[in-house]
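*Asks:* Got a sequence here, can you model it:
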Amino acid sequence: MIPLKIVLLQLILFVSCSSSDTNAIAQKGQADVTKVSTSGSENSYTFFVTLESPDTGCEQYADWWEVLSESGDLIYRRILLHSHVNEQPFTRSGGAVSIAQEQVVWVRAHMNNSGYGGKVMKGSVKSGFISAEFPDNLGEGLDLIDPLPTGCAF
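*Replies:* Numbering: from 1, shown residues only. Sure, this is the predicted structure:
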């Protein structure tokens, strides 16, 4: 028979390790782009981007989504002004995005405390958008280029 003190100590250790692991995972959460649709006309498209992100408030939230060329140049960035804790997934529109109907682009999202790294989509207005593997180092340094968020409302 295992003494009650040992069982309680094991339970305390298990709970504190589980909480640490959960907190570590939450701290490194990434924003995923789950859907992209468009409307408009050539060189003036509105993008409707659906994100799923582990928002907890201003300390952790998806702070923008962006459209990149195939070569990694920033075409458009939509700043998100607040967290979406109770609205997951959520869709935000942005534009006008100046691209041709056939131009292939990347759409990805950014978390304020962990950067890029979630699911991305690739495609064109003409053919639609699908999930894709984002190439390493493509668009490197774009997180330092304006426009950038100036704060978080809530």
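
*Asks:* Run a quick neighbour tally on the nearest residue to Leu138 once chain neighbours are set aside.
*Replies:* Nearest residue to Leu138, sequence neighbours excluded (CB to CB, 6 or more residues apart in numbering): Gly72, at 4.1 Å. For every residue, glycine as well, the C-beta is placed using N, CA and C. Residues near Gly72, counting by other CB atoms under 10 Å, number 15.

*Asks:* how about the residue most central in space within the chain, what does it touch?
*Replies:* Nearest to the mean C-alpha position of the chain, by CA atoms, centre = their mean, lies Ala31 at 2.5 Å. Ala31 makes contact with Leu51, Glu52, Ser53, Ala62, Trp65, Ala109, His110, Met111, Gly118, according to CB atoms under 8 Å, 6 or more residues apart in numbering.

*Asks:* how near is the third one to His110?
*Replies:* Translated: Ser53. Separation of Ser53 from His110 (CB to CB, to the nearest Å): 10 Å.

*Asks:* shared neighbours, these two?
*Replies:* Joint contacts of Ser53 and His110 (CB under 8 Å, 6+ apart) are Ala31, Ala62.

*Asks:* Which pLDDT value belongs to the residue nearest to the centre of the chain?
*Replies:* Listed pLDDT for Ala31 reads 97.

*Asks:* Now do the phi/psi pair for it.
*Replies:* Main-chain dihedrals, Ala31, degrees, to the nearest 10: phi -90, psi 130.

*Asks:* Helices along the chain, start to end?
*Replies:* 4-27 (DSSP state H).

*Asks:* export stretch 56-70 as CSV, just CAs?
*Replies:* Taking C-alpha atoms only, stretch 56-70 is exported to CSV below (Å, rounded to 0.1, in the frame of the first residue of the first chain):
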residue,chain,number,x,y,z
THR,A,56,-5.7,35.0,-24.4
GLY,A,57,-6.0,38.9,-24.4
CYS,A,58,-3.4,41.6,-25.2
GLU,A,59,-0.6,39.4,-23.9
GLN,A,60,-1.2,36.8,-26.6
TYR,A,61,-3.2,37.4,-29.8
ALA,A,62,-3.0,37.3,-33.6
ASP,A,63,-2.0,40.8,-34.4
TRP,A,64,-2.0,40.7,-38.3
TRP,A,65,-2.4,38.7,-41.4
GLU,A,66,-0.6,39.4,-44.6
VAL,A,67,-0.4,38.6,-48.3
LEU,A,68,3.1,37.9,-49.8
SER,A,69,4.3,37.4,-53.3
GLU,A,70,5.7,34.0,-54.3
